[in-house]
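# take this sequence and fold it.
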Amino acid sequence: MRISTKGEYGIRALMELTQRYHEGYIQSAQIAAARNIPENYLYQLLITLRKAGLIKSRRGPQGGHMLARPPEQITLADAVAVLEGPVSPTSCSQEGVVNDCPFGEYCPVRQTWLGVRDMILETLAKTSFAQLAAREKENVAALHKEG
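Modelled structure (predicted):
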């Protein structure tokens, strides 16, 4: 599985909103600058994230974007599902898809792909943005200590 630019940038935006969760609404220009995301692309991602219920947005001078739920309640699985669609290393490992392969249900490799998919989903589902934010802070602190 490979995360696209859309997924990467969307996750970066969610990370910025996580790190600034208690600051209220954050303007998109601030998110774009902090996470090196092209602003025009970010607008599209923010709309997608808002429609999915991961963030909320408000217009106006005091407006911007913020997480719709606490970062402990938003997982990487939530973000990846919204930004990338179903997680599956092959088409036959997608939920409900078997008929696109002539070997279908008896394919010995399909079971392995299903296991890979399930492990990925499990890892994403147990990784919250709060955990990622804490890890990011630790990584930044360690880098500053070394430098």
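# for the helix-or-strand element of the chain with minimal mean pLDDT, could you pull out the residues that count as buried?
None of the helices or strands of the chain scores lower by mean pLDDT, DSSP states H and E than helix 108-125, at a mean of 90. Residues 110, 113, 114, 116, 117, 120, 121, 124 are the ones in helix 108-125 that count as buried (16 or more other Cβ atoms under 10 Å). C-beta: built from backbone N, CA, C; applies to glycine.
# the nearest residue to the second one once chain neighbours are set aside: neighbour count?
Using Cβ to Cβ, 6 or more residues apart in numbering and skipping the chain neighbours, the partner closest in space to residue 113 is residue 93 (4.0 Å). Using other Cβ atoms under 10 Å as the criterion, residue 93 is surrounded by 23 other residues.
# just checking, residue 93 touches residue 120?
No - assessed by Cβ atoms under 8 Å, residue 93 is found out of contact with residue 120, at 9.9 Å.
# what sits against the nearest residue to residue 90 once chain neighbours are set aside?
Nearest in space to residue 90, with sequence neighbours left out and distances taken as Cβ to Cβ, 6+ apart, is residue 113 at 4.8 Å. Residue 113 is in contact with 88, 89, 90, 92, 93, counting by Cβ atoms under 8 Å, 6 or more residues apart in numbering.
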